[in-house]
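Engineer: 3D, please:
(chains A and B)
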Amino acid sequence: MSDLSAPGFPEEEVRRRARAGAAAAFPPPGEYGRVLFGAEHGGARWPEGEHDPLDTLRITPPVLMPQRLARLIDLGREPDYRDVELTTTIGGFTSALPVYVSALGSTRAAGGDLGLALSRQAGALGIPMVIGENVVPVNGYGRQGEAVDRALLGRLRAYAEQLPDGRGGVAVQQSTEDADAEVWNLVYTDPAALPLLESGRLAFELKLGQGAKPGLGGMTVLDADAAARVGDRYGLDDVFGDGRVLRSSTPGTFTAEILRQQIRLMRNNFPRARVWVKLHPGRDVAEAARVAAEAGADAVTVDGAEGGTGWAPEAFPAQVGLPLAECLRRLAAAGPPPCLLVSGRMWEGGRAVKSLALGARAVGLGRAALLATAEDPQTGLIRFAECLALELRLLISALGKYAPAALDRDDVWAPYFPGIPAAG
Amino acid sequence: MTTDGPTASASASAPIPDPGRHLTAPTTRSALRIQHQLLFSAREFLRGNGFTELLPPIIGPVTDPGSRGSKQVDVDFYGHRYKLMTSAILYKQASLLAFDKIFCIAPNVRLEPLETAGTSRHLAEFHQLDVEMAGATRDDAVRLVEELVVHMVDSTVRELPKEFAELGRDVDAFTELLKGSFGRMRHAEAVAELQEIGHPQSPDAELDWDGEALLSARRDRPFFVTDYPKGSRGFYDREDPENPGLLRNFDLIAAEGYGELCSGSQRTNDYAEIVTRMRETGENPQKYRWYLDLVREGVPGSAGFGIGVERLTRYVAGLDAVWQASAFPKLAGVVSP
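Structural biologist: Coordinates of the predicted model:
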């Protein structure tokens, strides 16, 4: 190594690429399964001086509050934050909170006991849960003696066993490779899923992309043995050069017509299941959301560029995709879908309330749900949700409102956020 | 056994009797004799019209994905994942490379949603009388079904009066059918009629089972529903270039509430169109490699159909439930021999 240096230039990153080759496009593979990736708080992943626009918004309670008067008349006493009703209809399901658990797929971090513990707690909370793609082709369904803690059926059962009557629901994703395994047909015909189906608490989510790697399919890191098992179904790439390989699923090819017809086919083939559609934060997100809603999707999910993931090339969370706030602005301008769900670095009440004020029906927890479960597999997510619910009640009542649906864009303000005028 | 159609069905949701009792029941014997005659006369008619009978495969690397909500059965074929056939469609198109007009009586297995165990009209294992002809249009296929069904019913009514008497099936029910002209309506007209009588039928989907039964109960002869919308059928039904979004396909629906008997269409045989349509139906083109390679090299344009053998038997014999038209019936989720 020479003593050449380049102050002010990303010298170390260049040297890392010179040493590691293609592997340097990714985080160190040893972090796979232990680290959750995605946009970082406020700073490093945004260009100098810029911040996540959702974080820079301020929540702006008015002084004069006619909706508080309405609640006062209704209650016959002064309302307080405990009078905020958080129960929300999410994609055809009734949820205790305007919150759902985002898709956790075949990534190792969501597998095993952690995935089961998370499913149990989400069920107990009565909030919807999305089961991510590639679980069946990689870990199996669970009826043929596969390890139940990793298989799809394990998560489905863990969730359903804890679910209170009339609350929650499960949305099952299907990727291109899942389609080969007929995941939706399998769930739709499975006796174990019948109680959810009969009570209207089963949905299928068509995934077009995700926020952390827009335009790419799901990615994981596999050791040689696991790779050999799925090599006939997935793209494998020996980028790490150490025996571990990159496994990619294809993102699928979509045009407006393909999206429209796939949704219609889902409604045709699974008339008793709800249809959810998940979009990455693409520049045409409003157009895609409109097509999905018009074709009959019960919910359209937009995962902002801040979204987390088990694995992604570093260029993507740092530089690819629209920030969630910009997605919300474009969706609002075009007329948002009737049930818009959003995710992307959600973990506390403020960011959630801002998203709801900008047109979302509910927010999805990804990394936060996994971390809270990892902190305490018995009640970590439940306590986390308790705190989030309290913050939501405090913030919504401070705005003189008593239901998430009452929030609107006047409830937030930013000096430089285009399309959102200062209130009042 | 009743003669007043399937709406009075009591045995439809009753458990299937054990095989000994089922096979020795006079009803079963009469139903199977009627089925035998229907197939005999179908072969007679099709051979007389220049069709060659082929024996269809039972397993293959891929099968028809176009069945509502049902799961395919995986077979471990020397370490490769194969499927039991859900229909013979892909092989029917391929077979036209050998003969211009083919037919087969093909077994199909579809793990239908559990709710179908109570519809009186779904079996997890059933047979289709499959017909395909090169160079034909949808309307050619419709005319052929019409003539074929008239021939089958006419022959059976003439040959087996005792079986109809045994079942209490009044053959006057076929007076209109035997005149030979079935009704025709477009899918959009069927939707409008159903919505008018208060049934919430989606205009973008196949007619749901209740809707089909409602239309069927309002008619005294079988009728065709044509021009189903894209998104309700498999990738192989040809889109109508003059009416984008509509398919050149059809169902034949029985009278008296017995519902669908047959599905058919003019087929897509253009490679790029098939790949695009596969994506529109959520399919991964990669798994259809043998079929797509064949299509890329060229398969003839064609039209064809599949008649549900047990469903037609049920209608002709006037049975309460379709399982009564099978010697060894399999219902969704019910363990039986």
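
Engineer: what residues are up against the closest residue to A:Phe26 other than its chain neighbours?
Structural biologist: Excluding the flanking residues, the one nearest A:Phe26 by CB to CB, 6 or more residues apart in numbering or on different chains is A:Pro313, at 5.5 Å. Backbone N, C-alpha and C define where each C-beta goes, glycine included. By CB atoms under 8 Å, 6 or more residues apart in numbering or on different chains, the contact set of A:Pro313 is A:25-26, A:213, A:216, A:219.

Engineer: please identify which helix or strand holds B:Glu212.
Structural biologist: Applying DSSP states H and E as the criterion places B:Glu212 in helix B:209-217.

Engineer: please read the previous query as pertaining to B:Gly306.
Structural biologist: Assigned by DSSP H and E, B:Gly306 falls in strand B:302-308.

Engineer: what's the neighbour count on A:Arg272?
Structural biologist: 12 (other CB atoms under 10 Å in any protein chain shown).

Engineer: quick check: phi and psi on whatever residue of the stretch 1-150 of chain B ends up closest to chain A?
Structural biologist: When distances are taken as CB to the nearest CB, the stretch 1-150 of chain B reaches nearest to chain A at B:Lys71, 4.1 Å away. With angles defined as degrees, to the nearest 10, B:Lys71 sits at phi -100, psi 140.

Engineer: surely it and A:Glu182 touch.
Structural biologist: Yes. Using CB atoms under 8 Å, B:Lys71 makes contact with A:Glu182 at a distance of 5.7 Å.

Engineer: what is the burial count for whatever residue of chain B ends up closest to chain A?
Structural biologist: At 2.8 Å from chain A, B:Gly231 is the closest residue in chain B, using CB to the nearest CB. Residues near B:Gly231, counting by other CB under 10 Å, number 26.

Engineer: once you drop chain neighbours, what's closest to it?
Structural biologist: A:Arg264 (2.8 Å).

Engineer: what about A:Gly132, how many neighbours?
Structural biologist: Around A:Gly132 there are 27 residues (other CB under 10 Å).

Engineer: again, but for B:Gly211
Structural biologist: So B:Gly211, with other CB under 10 Å, has 22 neighbours.

Engineer: wait, A:Gly342 touches A:Cys327, no?
Structural biologist: Gly isn't right for residue A:342; it's Val. Yes. With contacts counted by CB under 8 Å, A:Val342 reaches A:Cys327, the gap being 7.4 Å.

Engineer: common neighbours of the two, please.
Structural biologist: In contact with both A:Val342 and A:Cys327: A:302, A:304, using CB under 8 Å, 6+ apart.

Engineer: any low-confidence regions in the stretch 1-150 of chain B?
Structural biologist: The model of the stretch 1-150 of chain B has pLDDT under 70 over residues B:1-14.

Engineer: ok so, going back, show me what the strand holding B:Gly306 is packed up against.
Structural biologist: If contacts are counted by 3 or more CB pairs under 8 Å, 6 or more residues apart in numbering or on different chains; DSSP states H and E, strand B:302-308 sits against helix B:89-95, strand B:125-134, helix B:138-159, strand B:249-254, strand B:259-266.

Engineer: reformat the ones you listed as TSV; add distance to B:Phe45 and mean neighbour count.
Structural biologist: Listed next are these as TSV, based on distance: least, CB to CB, whole Å; neighbours: other CB atoms under 10 Å in any protein chain shown:
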stretch	distance to B:Phe45	mean neighbour count
helix B:89-95	18	23
strand B:125-134	10	23
helix B:138-159	5	19
strand B:249-254	16	26
strand B:259-266	15	24
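
Engineer: could I get these as JSON lines with distance to chain A?
Structural biologist: Output for the helices and strands packed on strand B:302-308, formatted as JSON lines (distance: least, CB to the nearest CB, whole Å):
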{"stretch": "helix B:89-95", "distance to chain A": "16"}
{"stretch": "strand B:125-134", "distance to chain A": "14"}
{"stretch": "helix B:138-159", "distance to chain A": "20"}
{"stretch": "strand B:249-254", "distance to chain A": "14"}
{"stretch": "strand B:259-266", "distance to chain A": "14"}
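
Engineer: dump those into TSV; add distance to B:Gly118 as well.
Structural biologist: Formatted as TSV, these follow (distance: least, CB to CB, whole Å):
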stretch	distance to B:Gly118
helix B:89-95	28
strand B:125-134	17
helix B:138-159	27
strand B:249-254	19
strand B:259-266	14
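
Engineer: so for A:Gly92, which of the ones you listed sits nearest?
Structural biologist: Of all the helices and strands packed on strand B:302-308, it is strand B:259-266 that lies closest to A:Gly92, at 28.3 Å by CB to CB.

Engineer: could you dump that closest one to PDB, C-alpha only?
Structural biologist: Presented in PDB, the C-alpha positions along strand B:259-266 are these (Å, rounded to 0.1, in the frame of the first residue of the first chain):
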ATOM      1  CA  GLY B 259     -74.400 -24.300 -13.200                       C
ATOM      2  CA  GLU B 260     -71.200 -24.400 -15.300                       C
ATOM      3  CA  LEU B 261     -70.600 -27.500 -17.500                       C
ATOM      4  CA  CYS B 262     -67.800 -26.400 -19.800                       C
ATOM      5  CA  SER B 263     -65.200 -23.700 -20.400                       C
ATOM      6  CA  GLY B 264     -63.500 -22.900 -23.600                       C
ATOM      7  CA  SER B 265     -61.800 -20.300 -25.700                       C
ATOM      8  CA  GLN B 266     -59.800 -19.300 -28.800                       C
END
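
Engineer: any idea which element the residue nearest to B:Gly231 lies in?
Structural biologist: Going by DSSP H and E, A:Arg264 is part of helix A:256-269.

Engineer: any buried residues in that helix, and which?
Structural biologist: Within helix A:256-269, the residues that count as buried by 16 or more other CB atoms under 10 Å in any protein chain shown are A:257-269.

Engineer: check contacts around B:His122.
Structural biologist: Counted by CB under 8 Å, 6+ apart, B:His122 has contacts B:112, B:116, B:322, B:331-332.

Engineer: do you know the pLDDT at the residue nearest to B:Gly231?
Structural biologist: Note on A:Arg264: pLDDT of 95.

Engineer: what about the closest residue to chain B within the stretch 101-250 of chain A, is that helix, strand or coil?
Structural biologist: Residue nearest to chain B within the stretch 101-250 of chain A (CB to the nearest CB): A:Asn185, separated by 4.1 Å. What DSSP: H, G, I helix; E, B strand; the rest coil gives for A:Asn185 is helix.

Engineer: spell out which parts of chain B neighbour chain A.
Structural biologist: Within chain B, the positions near chain A by CB under 8 Å from any CB of the partner chain are B:68-72, B:111-115, B:202, B:204-206, B:208, B:229-232, B:276, B:279-284, B:287, B:332-333.

Engineer: so the closest residue to A:Leu388 other than its chain neighbours versus chain B, what's the distance?
Structural biologist: Excluding its sequence neighbours, the residue lying closest to A:Leu388 (CB to CB, 6+ apart) is A:Gly349, at 5.9 Å. Using CB to the nearest CB, to the nearest Å, A:Gly349 is found at 38 Å from chain B.

Engineer: check contacts around A:Gly349.
Structural biologist: Neighbouring residues of A:Gly349 by CB under 8 Å, 6+ apart: A:388, A:390-392, A:394-395.

Engineer: distance from the chain centre to stretch A:259-279, please.
Structural biologist: Its chain's C-alpha centre and that of stretch A:259-279 lie 19 Å apart, by CA atoms, centre = their mean, to the nearest Å.
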